[in-house]
Structures are given as C-alpha cells and as structure tokens.
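1. Sequence and predicted structure are below.
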Amino acid sequence: MINCIVVDDEPLARQLIVSYISQVPTLQCLGSYPGAAEAFTALHAHRVDVIFIDIEMPGINGINFIRSLRVVPKVVFITAYAEYAVDAFEIDAIDYLVKPVTIERFLKTARKLMPAQDENKTVPQTADAPSIFLKVDKRLVKIDFNDMVYIEGLGDYLKVHCTGQTYVIYMPLGKIEALLPSGRFIRIHRSTIVNVQCIRFIEGNFARVNDMDFSIGLTYRDSLLKSLGGGQ
C-alpha cells in the first residue's frame, strides 16, 4: 500500500484529490491538510510515500516547503498555474497536475507511483467458470459474470461496473478482455467492453446497454453485429 497525504489550502480541492485516491486500490490517504505546518507534522508522525501538494498556499508555498525537507517523499504538485512546471520538475517531482484535475489525468499520475512489480493478480478461470477473481485493493474479489454490466478502460486502470457496485482495478483493458468468456462479453469501443446479455438494442453507432447508451467504434461494429447475428 502506498501512503499519501494531500496538502492544499482549498477544502474542495483537497476533497477531490482524496476522493480520487480512494478509487485507486494501491493508494491510501493518511490525511489531508490546509498548509505546510500541518503537513510537516504529518510527515514526522507517519510513513508517507507520496505527498500531493498545492503550490500557491498562504505562508510557505509548496515548492519552498518541499525544498525545506531533509527527507522528501515522492511529490506530485497540484496547481492552477502551469508556469510553475519547470520549478516543479527541477526538484524531481513525479508529476505536475493542473487544476481542475480529472480522474483520467489523476490515474495517469497514479500509474507512475506504482512499483514495477506491482501487477494485478488474477485467479485462472476455466472456460465455463461463472465468475472471475480480480485484485481489488489487497483482496482477490470474486465477481460474477452475470453481475458485470460493462467495463470502462482508463489507461492502465479499469472500472468494472456491476449491478450495484463499481470496482477500480489496476489492469489494462486488453488483459481483462482476454480473461473474459468471449461469448458473453464483447468490446464495442477501444475503451468499452459490455456484457452481451445487457445489450437491449443497436441503433446506428450506439448500443443501449441496460439504460445507458454507448458509442460503437467503427472498427468494432462489424464484429459486434456478427456476434449478435445481425446484418450489415
């Protein structure tokens, strides 16, 4: 588990980053703080692996605070001002996020924080298995195929949307596609796999999956129609 703290004088900005951290199984937020003084105390009270820190804050700014530390964790700067990027990378920041930070951009940063050997583990499945085991946080969680509605690819991460619950998993979309039973799941877009049983109809370049509409990628349309027994 990678221990993180968030430092930002804006409460809403802190809450956003904390919520993003909570969606990445391998990250754990130890606390969020409005300024450098509180962060300094936290760094001495806990083992902190990563600090997400704003640059423009009252008193000492984020860059000067990091420069003042004798032992420096991995640093991700967050700011509304892109002109600080050079200064940030001069002190070996892992990344530099410009507000407003999206979940997609945050996940790219999270990927940089992962140890190279920290790969997602799965339990091998038989061809007719009714479920799959996927690593969620520190657990191998059994997810029934019947409960899986669609899978959304976000770079090196997935959101597995199930009936009543969504799992965030560290795994590329192509890998989970190879693990799923091909007759039950089909890729309809470069970033979307859907449960065939949840497809209600196809109209134009859109598929209605339960109550949601999904775009069908041009390169996936023919194989989708063929798998459903439809014509051109």
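-> Structure received.

2. Domain-wise, how is this protein divided?
-> Here the domain parsing of the chain from automatic domain parsing is 2-113, 125-228.

3. Kindly check the end-to-end length of the longest one for me.
-> Read that as domain 2-113. Domain 2-113 has an end-to-end distance of 8 Å (C-alpha to C-alpha, to the nearest Å).

4. Could I get the domains of the chain in CSV, plus columns for mean pLDDT and mean neighbour count?
-> Yep, even glycine has a C-beta here, placed from its N, CA and C like the rest. Formatted as CSV, the domains of the chain follow (pLDDT from 0 to 100; neighbours: other C-beta atoms under 10 Å):
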stretch, mean pLDDT, mean neighbour count
domain 2-113, 89, 17
domain 125-228, 88, 16
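
5. Might you report the residue contacts of the residue nearest the centre of the chain?
-> Nearest residue to the geometric centre of the chain (C-alpha atoms, centre = their mean): Leu107, 4.2 Å. Residues in contact with Leu107 (C-beta atoms under 8 Å, 6 or more residues apart in numbering) are Val24, Leu154, Gly155, Asp156, Tyr157.

6. got it, and Tyr20?
-> Taking C-beta under 8 Å, 6+ apart, we find Tyr20 in contact with Val101, Ile103, Phe106.

7. Output the contacting helices and strands for the host helix or strand of Phe201.
-> Following DSSP states H and E, one finds Phe201 within strand 199-203. Counting contacts by 3 or more C-beta pairs under 8 Å, 6 or more residues apart in numbering; DSSP states H and E, strand 199-203 packs against strand 206-209, helix 218-228.

8. now these as TSV including distance to Val196?
-> Converted to TSV, the helices and strands packed on strand 199-203 look like this (distance: least, C-beta to C-beta, whole Å):
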stretch	distance to Val196
strand 206-209	10
helix 218-228	7
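
9. all helices in the protein, in order from the N-terminus.
-> 11-22, 36-45, 62-68, 85-90, 103-113, 173-179, 218-228 (DSSP state H).

10. coming back round to it: can you list the strands that the strand holding Phe201 pairs with?
-> Applying DSSP bridges to the sheet, strand 199-203 is found paired with strand 206-209 (antiparallel).

11. List the contacts of the strand it pairs with.
-> If you take C-beta under 8 Å, 6+ apart as the criterion, strand 206-209 is touched by 149-150, 188, 194-195, 198-202, 213-216, 224.

12. Skipping its backbone neighbours, what lies nearest Asn205 in space?
-> Ile216 (4.9 Å; C-beta to C-beta, 6 or more residues apart in numbering).

13. So that neighbour is in contact with Leu224, correct?
-> Yes: using C-beta atoms under 8 Å, Ile216 is in contact with Leu224, at 6.3 Å.

14. Fine by me, we can end here.
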